[in-house]
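K.L.:
Fold the following, please.
(4 chains)
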There are 2 protein chains.
Amino acid sequence: MRKINTRDFHVATRTTSREINRRIALNLIREHQPISRADLARRMNVTRGVASVLVQELIGQGLIYEGATGEAARGRKPTFLHIRTQDRLAIAVDVRFSKTYLMLSDFSGRQLSLESYDTIFTIPEFIRGLATRVRRLLKTKGIQGSCEGIGVVVPGMVDQRTGRILNAPTLGWREVDIRDSLAAATGLPVQVENSGRACSLAHLWLERGETASAMQSFVYVNVSDGVGVGMVIGGELVRGHNHIAGEFGHMPLSLDGPPCMCGMTGCWEAYISNLATLSRYFGRNLSKLSPKSPREHPSSSFTVLDLITRARGGDGKATAAIQATARFLGLGLATIVNVVNPDCIYLAGEITTAWDLIENTVREALGERALTTAAARTPLRVSATHEYPRLRGAAALIAAPTFAAPRVA
Amino acid sequence: MRKINTRDFHVATRTTSREINRRIALNLIREHQPISRADLARRMNVTRGVASVLVQELIGQGLIYEGATGEAARGRKPTFLHIRTQDRLAIAVDVRFSKTYLMLSDFSGRQLSLESYDTIFTIPEFIRGLATRVRRLLKTKGIQGSCEGIGVVVPGMVDQRTGRILNAPTLGWREVDIRDSLAAATGLPVQVENSGRACSLAHLWLERGETASAMQSFVYVNVSDGVGVGMVIGGELVRGHNHIAGEFGHMPLSLDGPPCMCGMTGCWEAYISNLATLSRYFGRNLSKLSPKSPREHPSSSFTVLDLITRARGGDGKATAAIQATARFLGLGLATIVNVVNPDCIYLAGEITTAWDLIENTVREALGERALTTAAARTPLRVSATHEYPRLRGAAALIAAPTFAAPRVA
DNA sequence: GGATATTGTTCAAAAAACGAACAATAGATG
DNA sequence: CATCTATTGTTCGTTTTTTGAACAATATCC
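P.N.:
Here you go, the predicted model:
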């Protein structure tokens, strides 16, 4: 029951119905490939005639292709249809403090190549360097024409609509536009997004399989140096009026809790970030260093992964630190459950490699503060451990428009 | 950029385009009435021919009617179109602990009659009594045919889709269906909804005017005995997988804070509910009484309204209690701003009658924890003081489907 | 009184789903 | 081996809808 926005609506033209049905067909083919025209018609509840026309147009647009002939018990054998993803490409860029990663990906999120180099912090040089690498990549692979865009993810706040980076403290970038300059330098369309949200987009648009595709509302929580969250409701990422929606990392668990990088106290992030977990182990507050010198890398060689190794090795203090984080993780998730009440919560980050150790603690804490037992049973899934979720999200920025529902009404 | 749900999609038929455009036209007429066909065509960016056909159909469906002839500087004078709301009726029911309210409303939310009686807590008797009053109301008003449904709001958790009340602790109702039985007893369609959410629906569907209709994403916070919240994102109320979405009332401000009615500690509600405010004034915890005897009315004759009167009269302790509540209100709103980042937040409840006293405190607290200055400036509006927001919400349950966007793709 | 401007209707053309018929294909059956 | 049956995919006339242009009605301006 959606209210029509009388300030931004979309009148149906005579091509609108076709567009809608073509897009539905495309998504059904994507989900059930290989699939025949007749089967598609049955699933769509339209006649085979209509399905044939839709398929013909999708082939004409180069979105699908006819594959092998299938087997049937009797009668004419079906021609299988497949989504064309292998030869549709996107360049994914993940800008982090230490390195910038550059991946060539197809439209299914498959990694075709990967390179990384030291991040350049001055914008013009960053753009120039990146554009050079993009051009080189396209030339060496000989795929000039089939690359459809560049997706860039950064650790910071982004106005995705205008492609403006509002504030990326880690990189020291404020109010800079990289979309238009990068687009001009490469001749390719560019999309920019926050890295936490990008992970949720990767899940929404690239994850396959029964369970993943059934999830229309989920929250993706990535615990690393900070807490990145993407909130997807009704199949759509919620971005918010000021582009900050989903910032659960800075909700308070206790108003007078430990100080957070953001300058406030008691944020969820201050309880569960990697720094918080390590601080707990070392008995001092490591995170205090960071806000003053944002660009200074927390280069302490000892990471949460090492801590988990120690915990597995029988280090009681390490176990205690991890379990404390697990408990606060669960308590924060309870608020997400009560507020968003999603179909599912995906978890990512170093701490999730210890999921077997912490699951019970997390679930117990979640159960303590979830408002109903049904809500307490909200599935918690450790995000499928693809190597580079952020880069997949960057690729999703380019691939998604092909499959998204047309804007109507 | 919405993902199509391959398990629940809507193929466009040959009537779909018309349906979409008719609905858009209806909403434009509603917003800009009185309006001519030609003006409608301009706003929709279609030819006058199309607008004429759409208007003709809407008149045929009895949704709009032709009114007076307007004035024009030159040329043929326009025929004005109006929405037909005056003679389309809904019955709104608000079930509260003390009384049940029964309002006859038109489709614009205007109150035509109102009665109230002691709430009956046994379901069959409640249904029988309510059905009798509904029939009597329809008969005395002689409007049998023009009433299009009954909207019922209850203080509790509701599965709006099935019309089942999952848990209404105040009334002592658990897992009861009132929709089907009331529909059978009255012969009218029935919709049931949680009262907090209903208020947000009233805002979404019945509020008029420039500012209100521009708000597609907002959060409605009603502070009274508890904290009821409705979360509207993209023109749609978010209900959640287990029907609890929007329960910001039970997010913690401090994990080890004061006890809450829900059994947990440190919930926002435990800081800002009327009981919490009064407890602060009286220096003892009044809310502790409640969880044990949920049906026992908090009948202390001294209310927050009285407290506000004392504060205005110069009572320092009263002012302190109210200001403390205001501060916690703002701190909680900050989380809403960071998480949902709505266009606007509407506030309701007794405490808002002291808005002139508390606004600065609320805004200051909000600013303390809002992640960006832009977000800190999120408009806070005291909900237009209609007398019965819950009843208006109940009426909205019946009126909304007429104006909602068709489900497509 | 004619020019002009505006509203609302009408009508042919293009585009889309719908429904039914038809061709193609291949196993089942006698 | 001929025929029946089931299934896939195409074709075509029908209905519904937007589109664009023409037209009638109405009223003001000069």
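
K.L.:
which other helices and strands contact the lengthiest helix in chain A?
P.N.:
The longest helix of chain A (DSSP state H) is helix A:316-339. Judged by 3 or more C-beta pairs under 8 Å, 6 or more residues apart in numbering or on different chains; DSSP states H and E, the packing partners of helix A:316-339 are strand A:218-223, helix A:268-272, helix A:274-282, helix A:304-312, strand A:344-349, helix A:355-369, helix A:373-376. To be clear about C-beta, it is placed using only N, CA and C from the backbone, and glycine gets the same treatment.

K.L.:
quick one: average pLDDT of it?
P.N.:
Mean per-residue pLDDT for helix A:316-339: 95.

K.L.:
Can I get it as CSV, trimmed to CA atoms?
P.N.:
Output in CSV follows, covering the C-alpha atoms of helix A:316-339 (Å, rounded to 0.1, in the frame of the first residue of the first chain):
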residue,chain,number,x,y,z
GLY,A,316,41.2,-17.4,28.2
LYS,A,317,41.6,-13.6,28.0
ALA,A,318,41.2,-13.8,24.2
THR,A,319,38.0,-15.8,24.5
ALA,A,320,36.7,-13.4,27.1
ALA,A,321,37.3,-10.4,24.8
ILE,A,322,35.7,-12.1,21.9
GLN,A,323,32.7,-13.3,23.9
ALA,A,324,32.2,-9.8,25.3
THR,A,325,32.1,-8.4,21.7
ALA,A,326,29.7,-11.2,20.8
ARG,A,327,27.4,-10.2,23.5
PHE,A,328,27.3,-6.6,22.5
LEU,A,329,26.9,-7.6,18.9
GLY,A,330,23.8,-9.5,19.8
LEU,A,331,22.4,-6.7,21.9
GLY,A,332,22.8,-4.3,19.0
LEU,A,333,21.3,-6.7,16.6
ALA,A,334,18.2,-6.9,18.9
THR,A,335,17.6,-3.2,18.2
ILE,A,336,17.9,-3.8,14.5
VAL,A,337,15.4,-6.7,14.8
ASN,A,338,13.0,-4.6,16.8
VAL,A,339,13.3,-1.6,14.6
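
K.L.:
Please give the centre-to-centre distance between it and its chain.
P.N.:
Taking C-alpha atoms, centre = their mean, to the nearest Å, the mean C-alpha location of helix A:316-339 is offset from the chain mean by 22 Å.

K.L.:
Could you tell me the angle between it and helix A:274-282?
P.N.:
Inter-element angle recorded for helix A:316-339 and helix A:274-282: 140 degrees (by axes from the mean of the first three to the mean of the last three C-alpha atoms, to 10 degrees).

K.L.:
buried stuff in the strand or helix carrying residue A:50?
P.N.:
Per DSSP states H and E: residue A:50 is located in helix A:48-60. Buried residues in helix A:48-60, counting neighbours by 16 or more other C-beta atoms under 10 Å in any protein chain shown, are found at A:50-51, A:53-55, A:57-58.

K.L.:
Same list, the helices and strands packed on helix A:316-339, but as TSV with distance to DNA strand C and mean pLDDT please.
P.N.:
Below are those laid out as TSV (distance: least, C-beta to the nearest atom of the strand, whole Å; pLDDT from 0 to 100):
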stretch	distance to DNA strand C	mean pLDDT
strand A:218-223	31	96
helix A:268-272	47	95
helix A:274-282	51	91
helix A:304-312	52	93
strand A:344-349	33	94
helix A:355-369	45	96
helix A:373-376	38	94
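
K.L.:
can you put those in CSV and add distance to residue A:184 and mean neighbour count?
P.N.:
Shown next, in CSV, are the helices and strands packed on helix A:316-339 (distance: least, C-beta to C-beta, whole Å; neighbours: other C-beta atoms under 10 Å in any protein chain shown):
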stretch, distance to residue A:184, mean neighbour count
strand A:218-223, 31, 26
helix A:268-272, 36, 28
helix A:274-282, 37, 22
helix A:304-312, 40, 19
strand A:344-349, 34, 22
helix A:355-369, 44, 18
helix A:373-376, 48, 16
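
K.L.:
I'd guessed residue A:374 sits against residue B:175; true?
P.N.:
No - the pair residue A:374 / residue B:175 is not scored as a contact, 11.9 Å apart, by C-beta atoms under 8 Å.
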